[in-house]
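Student: For reference, the sequence and a predicted model appear below.
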Amino acid sequence: MQHTAAGPNKTSGMNHGRCTAVVGLQWGDEGKGKVVDLIAPAYDAVVRFNGGANAGHSVVVKGERYALHLMPSGILYPGKLAVIGNGVVVDPEVVLKEISGLNTRGVDTSGLVISDRAHVVMPYHKQEDELREATLTVMSATIGEAGAGDGGGGGAGVKSIGTTKRGIGPCYADKAQRASAVRMGDLLRPAVLRRKIEIACALKGPMLRGLGAQANPDAAGLTEWARRMGEQLRDAIKDTTYLLHDLRAQGKRVLFEGANATLLDVDHGTYPYVTSSSTTALGIPSGTGTPCSAISEIIGVVKAYSTRVGNGPLLTELLDETGDRIRDRGREYGTTTGRPRRVGWLDLVAVKYSVMLSGVTSLAVTLLDVLSGFDELKVATGYRFNGVVTDRFIPDGEVLSAAEPVYTTVPGFSADLTTARSMDELPVEARRYLDLIESFTGAEVGLVGVGPDREQTIRCA
Ligand code: GDP
Ligand code: IMO
Ligand code: MG
């Protein structure tokens, strides 16, 4: 059909507000929360599009630390909309706890809006997550290496994923299964809610019992629990797709906050050692209903070294004193689970792949201050796989395990970076480290983090 100049084609977004995305380029915990908080003043809404309470985003303002799990990191600024999009899986208990925790600290949370189509993490999802992980751990002891060896994977065997046990995988699985899934809007429709939970319990009872649960889930109790959750969140549950379109149509600016990170992406990460959602900028359109063409700026957050929580390959892992030193200096303990994070040198092969996937337009390099005090630093700039050196990432957790990093060694720096506020104040070796990141990935560095606080940031001209 032909459209006239005044027809629908005319409104394809020319005057719509600018959208920016912030996504993690490694295995999570790159400092996305800090970057979002830092740039949020220029936006009218901050929007989560993926993941759930597996995320832990720390924001430090004048020494005060906030750990956010489902709340978008823009919540600390009054008057902004904080939107949880349809692609997120929402544990209502976590949301309510975050609301009351923030309110107690004087933070206004009235700008929170949750998509009526976001899926609800039910208590049985968390139970299933726990039981599956426990079963996989037992299987790894009994089957072990016997299950390995057929994908060039170098014998990974059976392993648990090392999930956060927040019910993420089981909830996304139910979303794909459909009949047994509960969405936020269902919490406000008692008859639908009762029917859906009854179906879910009938389907899940035998499976949970098979995994070791003592009893079937209690449909009546769960329905009552869900109804209470809905009652408390009623005012926040809305259609966020139209809300975001309307905001953009009014010229308002929207910031998308990625959770988890690229190498944990369910399609593009180190599968199966990944989370269950689309963690890159590619997840924004489906996770919010905002078209791809609306996103003009994509900031990739990269930690100056690597960390990973849970199982799966981390080729540059440091299992020695250097790793312990970086872990201590960077306070590398999970925001969500408190688990010590695995630590390694920066893997630029992985970062370059992540830049490519999301179409990153600039980089925020965080935790550069942590690398101070080493004579030299190593950076993976290639992988040796089957005797051949490549600069291409291998997006398969089993196959990747068989590769080895090829390092470039660069001079370290010893000055304390935490008070630097401009590039000129960084030692030349630190600037060269940033140059190497830029030249290898092809993306420019726009921000550099030199400490956890909002203020401890260098904005590159
Ligand atoms: P996220 O999940 O990507 O938001 O990252 P987390 O908040 O889980 O983990 C990043 C950690 O590093 C948090 O404790 C932050 O406060 C801290 N952090 C962020 N940027 C910097 C930085 O530039 N330097 C230092 N030393 N810490 C930082
Ligand atoms: P933020 O947003 C670090 C990891 C878990 C596990 C795997 C699957 O704070 O960067 P899941 O519970 O999602 O099924 O766990 O993914 N993981 C994260 N690691 N930061 C995160 O989020 C993560 N979200 C999930 O540790 O290995
Ligand atoms: Mg985190």
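Tutor: Here it is on my side, so go on. What you see is a predicted model; the values in this text were computed from it and never measured. Numbers count the residues shown, from 1 in each chain. Ligands and ions are numbered 1, 2, ... in the order given.

Student: Could you list the low-pLDDT ranges of the protein?
Tutor: 1-15, 144-158 (pLDDT under 70).

Student: Single out the residue in the protein that lies closest to ligand 1.
Tutor: residue 449 (2.4 Å; CB to the nearest ligand atom). Just so you know, the C-beta spots here come from the backbone N, C-alpha and C atoms, and that holds for glycine as well.

Student: wait, that residue sits on residue 371?
Tutor: No - counting by CB atoms under 8 Å, residue 449 stays clear of residue 371, with 11.5 Å between them.

Student: that older thread, ok, the residue of the chain closest to ligand 1 - contacts?
Tutor: For residue 449, the contacting residues are 31, 34, 35, 364, 365, 366, 367, 368, 369, 456, 457, by CB atoms under 8 Å, 6 or more residues apart in numbering.

Student: What is the neighbour count of the last one?
Tutor: Right, residue 457. When neighbours are counted by other CB atoms under 10 Å, residue 457 registers 20.

Student: Can you name the residues bridging to it?
Tutor: In this entry, residue 457 is beta-bridged to residue 449, by DSSP bridges.

Student: Quick check: residues of the stretch 251-400 of the chain near ligand 3?
Tutor: Applying CB under 5 Å from the ion, one finds that the stretch 251-400 of the chain approaches ligand 3 through residue 335.

Student: please redo it, this time with the cut-off set to 8 Å
Tutor: 334, 335, 336 (CB under 8 Å from the ion).

Student: can you list those in JSON lines and add secondary structure?
Tutor: Shown next, in JSON lines, are those (DSSP: H, G, I helix; E, B strand; the rest coil):
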{"residue": "334", "secondary structure": "coil"}
{"residue": "335", "secondary structure": "coil"}
{"residue": "336", "secondary structure": "coil"}
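
Student: ok, which of those also contact ligand 1?
Tutor: residue 335 (CB under 6 Å from any ligand atom).

Student: Just the buried residues of the residues of the stretch 251-400 of the chain next to ligand 3.
Tutor: Among those, the ones that count as buried by 16 or more other CB atoms under 10 Å are 334, 335, 336.

Student: Identify, from those, the entry nearest to residue 287.
Tutor: Ranked by distance to residue 287 (CB to CB), those are led by residue 336 at 19.7 Å.

Student: and that closest one, what does it touch?
Tutor: By CB under 8 Å, 6+ apart, residue 336 lies in contact with 53, 54, 55, 56, 69, 164, 166.

Student: if I read this right, residue 389 contacts residue 406, doesn't it?
Tutor: Yes - counting by CB under 8 Å, residue 389 does reach residue 406; the two are 5.6 Å apart.

Student: Show me whatever sits in contact with both of those two.
Tutor: Here residue 389 and residue 406 have 382, 383 as joint contacts, going by CB under 8 Å, 6+ apart.

Student: Specify which residue of those two has the higher count of neighbours.
Tutor: Neighbour comparison, residue 389 and residue 406: the larger count goes to residue 406, with 15 against 12 (by other CB under 10 Å).

Student: how much space is there between the closest residue to the more buried one other than its chain neighbours and residue 404?
Tutor: With sequence-adjacent residues excluded and distances taken as CB to CB, 6 or more residues apart in numbering, residue 406 is closest to residue 382, at 3.6 Å. Computed as CB to CB, to the nearest Å, the residue 382 to residue 404 distance reads 9 Å.

Student: Residue 108 too?
Tutor: Residue 108 is 51 Å from residue 404, by CB to CB.

Student: residues in contact with residue 96?
Tutor: Residue 96 touches 229, 232, 233, counting by CB under 8 Å, 6+ apart.

Student: tally of neighbours for the last one?
Tutor: Same thing as residue 233. Close neighbours of residue 233, defined as other CB under 10 Å, add up to 19.

Student: Just the closest residue of the stretch 251-400 of the chain to ligand 2, please.
Tutor: residue 310 (2.1 Å).

Student: What are the neighbouring residues in contact with that residue?
Tutor: Counting by CB under 8 Å, 6+ apart, residue 310 touches 161, 162, 163, 164, 273, 339.

Student: how about 10 Å then?
Tutor: By CB atoms under 10 Å, 6 or more residues apart in numbering, the residues touching residue 310 are 27-28, 54, 133, 159-164, 264, 273-275, 334, 337, 339, 341-342.

Student: filter the contacts of residue 336 by proximity to ligand 1?
Tutor: Near ligand 1, judged by CB under 6 Å from any ligand atom, the entries from those are residue 56.

Student: Among the contacts of residue 336, name the ones in strands.
Tutor: Assigned to strands by DSSP state E, none of the contacts of residue 336 qualify.

Student: Give me the contacts around the helix or strand that contains residue 241.
Tutor: Element membership of residue 241 [criterion: DSSP states H and E] is helix 240-249. Under the contact criterion CB under 10 Å, 6+ apart, helix 240-249 has outside partners 11, 13, 15-19, 44-45, 47, 81, 83-86, 88, 113-118, 184, 239, 252-254, 256, 288-291, 294.

Student: Next, the buried residues of that helix.
Tutor: Under the neighbour-count criterion of 16+ other CB under 10 Å, helix 240-249 has 240, 241, 243, 244, 245, 247, 248 buried.

Student: how far away is the second one from residue 116?
Tutor: By that I understand residue 241. 10 Å.

Student: From the contact counts, what lies against the host helix or strand of residue 230?
Tutor: According to DSSP H and E, residue 230 maps onto helix 219-233. Secondary-structure packing of helix 219-233 (3 or more CB pairs under 10 Å, 6 or more residues apart in numbering; DSSP states H and E): helix 92-104, strand 119-120, helix 123-142, helix 190-210.

Student: Write out the residues of the stretch 1-150 of the chain neighbouring ligand 2.
Tutor: 24, 27, 28, 29, 54, 55, 56, 57.

Student: now do 5 Å
Tutor: 28, 29, 54, 55, 56 (CB under 5 Å from any ligand atom).

Student: any idea which of these is closest to ligand 2?
Tutor: For those, the nearest to ligand 2 is residue 28 (2.4 Å; CB to the nearest ligand atom).

Student: Counting neighbours, what do you get for residue 407?
Tutor: Residue 407, neighbours per other CB under 10 Å, totals 16.

Student: So for residue 382 and residue 404, which residue has more residues nearby?
Tutor: Neighbours were counted for residue 382 and for residue 404 using other CB under 10 Å; residue 382 has more, 18 against 13.

Student: Quick one: residues contacting the residue in the stretch 201-350 of the chain positioned nearest to ligand 3.
Tutor: Residue nearest to ligand 3 within the stretch 201-350 of the chain: residue 335 (4.5 Å; CB to the ion). Taking CB under 10 Å, 6+ apart, we find residue 335 in contact with 28-29, 33, 55-58, 65, 67-69, 309, 341.

Student: Please spell out the PyMOL selection for the buried subset of these.
Tutor: Selecting only the buried entries of these in PyMOL, with 16+ other CB under 10 Å as the criterion:
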select buried, resi 28+29+33+55+56+57+58+68+69+309+341
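
Student: rewinding a little: deepest-packed of the helices and strands packed on helix 219-233, please.
Tutor: When you average the neighbours per residue for each of these (mean count of other CB atoms under 10 Å), strand 119-120 leads with a mean of 24.

Student: Output the contacting helices and strands for it.
Tutor: In terms of contacts (3+ CB pairs under 10 Å, 6+ apart), strand 119-120 is packed against strand 89-90, helix 168-177, helix 219-233.
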